[in-house]
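1. Sequence and computational prediction follow.
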Amino acid sequence: MIADRTSAEWADEEGGRGMPARNDLHPIPLPNELRSERLVLRPYRAGDAEALFAAVEASRQRLRPWLDWVDDFETFDHARAYVSGAINDWTRRRELFFGVFAVDGRYLGNTGLHNVDWSLRSFEIGYWLRDGAEGHGYAQEAVRRLTRFAFEDLHANRVEIRCDPRNERSRRVAERLGFVFEGCLRNSRQDPTGEPRDTLVYALVPGDWKPIGEDDPFDSGCSERGGIDGCSPEATRVSRTDGLAEGPPSHPGRLSSDIVVPKG
Ligand SMILES: CC(C)(COP(=O)(O)OP(=O)(O)OC[C@H]1O[C@@H](n2cnc3c(N)ncnc32)[C@H](O)[C@@H]1OP(=O)(O)O)[C@@H](O)C(=O)NCCC(=O)NCCS
């Protein structure tokens, strides 16, 4: 458990991951929220556990094939533990979980910056939407905003999206936002049933990304964009048809406190 660790243990672990030392309070300034046209992305608060649990309860069937924590996230206690773990991770800048809310306050799902490496300033974006929120462009809008935050405010060198080849909706989020397809990691994860499955890797680096208003790639989608060597949009198109979609999917998530979490 987080509370049981000593400062020295945290310092060792955090030093190894390029994380700020524990005693440095808020060494990296973060916003209270990120706003976009229809959404508010904000860190979790204790009072969010009910909305989170209700969202997972309503969405299990649709989330289960892609997210391997779903069946472990059984009770309201899991939601409470998740929220407190997310708050803790936010405070310590380990991982940045954002609840995705409509401007009227409805909880729509989750996104966040995971696999954080502060030395390299590299981040992986995850996302899921609750039943009823899919098909409105909310994931694109949230990921677009988070990507902008990563490059403009956190000075990211790399922002990644990973997904199962068969997860067409998730792939479309990455591709429509102009993330560059870099390759397929074969048999790199286990799916929720334990079978090996492939992982597609998409990423943006500063040279790919242009601020909003300057020929913004997020407005045009990736199909018009150039790629990096060997990973052009053409390569992306090839990946859709070349039989990569073999392995069952998952997208796991565990907080530093070993609580099952909807990272997504
Ligand atoms: C992955 C996931 C978040 C994608 O959600 P999504 O709603 O399909 O994604 P977007 O926000 O990009 O929405 C795009 C859809 O909204 C439609 N849409 C409606 N209004 C829109 C608008 N104003 N702007 C953009 N798109 C809009 C688009 O036409 C598109 O539909 P289509 O794909 O059928 O053409 C969702 O499917 C999900 O929660 N999946 C389960 C969890 C998961 O797989 N997570 C990712 C693990 S890697």
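-> Looks like it came in fine.
2. Which helix in this protein has the most residues?
-> helix 76-92 (DSSP state H).
3. Next SSE downstream of that one?
-> Sequence-wise, the next helix or strand downstream of helix 76-92 (DSSP states H and E) is strand 96-102.
4. Only alpha carbons, please: show that following strand as CSV.
-> The C-alpha trace of strand 96-102 is given here as CSV (Å, rounded to 0.1, in the frame of the first residue of the first chain):
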residue,chain,number,x,y,z
LEU,A,96,-2.5,11.7,-14.5
PHE,A,97,-6.0,10.3,-14.6
PHE,A,98,-8.7,12.7,-15.9
GLY,A,99,-12.4,12.1,-15.6
VAL,A,100,-14.2,13.1,-18.8
PHE,A,101,-17.3,15.2,-18.0
ALA,A,102,-19.8,17.0,-20.2
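5. So for that strand, mean pLDDT?
-> Mean pLDDT, strand 96-102: 98.
6. for the ligand, what are the nearby residues on this structure?
-> By C-beta under 6 Å from any ligand atom, the residues of the chain that approach the ligand are 62-63, 66-67, 127-129, 134-140, 163, 167, 169-170, 172-173, 251, 264. The C-beta positions use only the backbone N, C-alpha and C, and glycine is treated the same way.
7. how about a cut-off of 5 Å?
-> 66, 127-129, 134-140, 163, 167, 169-170, 173, 251, 264 (C-beta under 5 Å from any ligand atom).
8. Now do the nearest residue to L52 once chain neighbours are set aside against T193, distance only.
-> With C-beta to C-beta, 6 or more residues apart in numbering as the criterion, L52 has its nearest non-adjacent residue at 4.7 Å, and that residue is A79. As judged by C-beta to C-beta, to the nearest Å, A79 and T193 stand 24 Å apart.
9. circling back: generate a ChimeraX selection restricted to the buried entries among the residues of the chain next to the ligand.
-> Typed into ChimeraX, the line below selects the buried ones among those, using 16 or more other C-beta atoms under 10 Å:
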select :66,127,128,129,134,138,139,140,163,167,170,173,251,264
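10. In strands, which of the residues of the chain next to the ligand appear?
-> Mapping the residues of the chain next to the ligand onto strands (DSSP state E) picks out 127-129, 163.
11. Show me the two of those residues that sit farthest apart.
-> The largest distance within these, taken as C-beta to C-beta, falls between L129 and C163 and amounts to 14.1 Å.
12. buried stuff in the longest helix of the chain?
-> 78-90, 92.
13. Counting by contacts, list what it packs against.
-> helix 49-63, strand 96-102 (3 or more C-beta pairs under 8 Å, 6 or more residues apart in numbering; DSSP states H and E).
14. That's all I had, so thanks and see you.
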